[in-house]
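# dropping a prediction and its sequence here:
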Amino acid sequence: SQQGEEDPQALSIQEGENATMNCSYKTSINNLQWYRQNSGRGLVHLILIRSNEREKHSGRLRVTLDTSKKSSSLLITASRAADTASYFCATARVYNFNKFYFGSGTKLNVKP
Amino acid sequence: GAGVSQSPSNKVTEKGKDVELRCDPISGHTALYWYRQSLGQGLEFLIYFQGNSAPDKSGLPSDRFSAERTGGSVSTLTIQRTQQEDSAVYLCASSLALTGGRSQPQHFGDGTRLSIL
């Protein structure tokens, strides 16, 4: 069964707005990763955050991790039409960090 | 090549036939994964190879599914006696060696879209 679950399932915003997606998981993790998938393509790695980290930034992306709540959020600031894609979180468990559990994704639509 | 390559990109076959899906990982990547993605869904882990270690086959849904990795590089996922529920996109990913308790980002191919008639 899948470990992470993203929320919301779908999100539609205007270009320039911020987009926030959330991921919840059930068991203790070694790390959590976020990926983007454009329609008909494979996944592209965005950012990895380890269990002892609380926040990471990469360009317009900001990821937070709250291990006490078993949740993570991905914030995309000043969104662009090119950000339209599905976003997935993937968790690696503490004692099996080489196996990843993906959520069902958030489908983001950024309207120009 | 620069990225993970999968072939074929599309495969249509009749129920009951066997299919082979191929994955060429990024050169130097010792870890290789296979996932299955049903329409509009997340990724379901199938199998994982790491160097010369025994593969983790815990995600294979039935004994009709098997995979091998020859010479630590190319991998083939085989589905025997295909069923309609096998229809999905099969994604392959590779990564650098997993050491020191640290996961590595995965690099994905564009997948094989498998349709069972």
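Cool, got the structure.
# where does the chain have low pLDDT?
Unless you meant another one, I'm taking chain A. Under the criterion pLDDT under 70, the flagged ranges of chain A are A:1-4.
# sorry, I should have been clearer: chain B.
Ranges of chain B meeting pLDDT under 70: B:1, B:100-101.
# smallest gap between it and chain A, at which residue?
Closest residue of chain B to chain A, CB to the nearest CB: B:Phe108 (3.2 Å). Just so you know, the C-beta spots here come from the backbone N, C-alpha and C atoms, and that holds for glycine as well.
# would you agree that residue is in contact with A:Gly42?
Yes: at 3.2 Å, B:Phe108 counts as touching A:Gly42 under the criterion of CB atoms under 8 Å.
# anything in contact with each of those two?
Residues touching both B:Phe108 and A:Gly42 (CB atoms under 8 Å, 6 or more residues apart in numbering or on different chains) are B:Val4, B:Leu91, B:Ala93.
# between those, which is nearest B:Leu114?
Proximity of the shared contacts of B:Phe108 and A:Gly42 to B:Leu114 (CB to CB) peaks at B:Leu91, which lies at 11.2 Å.
# contacting residues around whichever strand or helix holds that closest one?
B:Leu91 is part of strand B:88-95 when elements are defined by DSSP states H and E. Contacts to strand B:88-95, defined as CB under 8 Å, 6+ apart, come from residues A:42-43, B:4, B:6, B:21, B:23, B:25-26, B:29, B:31-39, B:43, B:46, B:75, B:77, B:104-109, B:111-114.
# narrow those residues to those in strands?
A:43, B:6, B:21, B:23, B:31-37, B:43, B:46, B:75, B:77, B:107-108, B:112-114 (DSSP state E).
# if we can go back for a sec, show the buried residues in the contacts of strand B:88-95.
Neighbour counting by 16 or more other CB atoms under 10 Å in any protein chain shown classes A:42-43, B:4, B:6, B:21, B:23, B:25-26, B:29, B:31-37, B:43, B:46, B:75, B:77, B:104, B:106-109, B:111-114 among the contacts of strand B:88-95 as buried.
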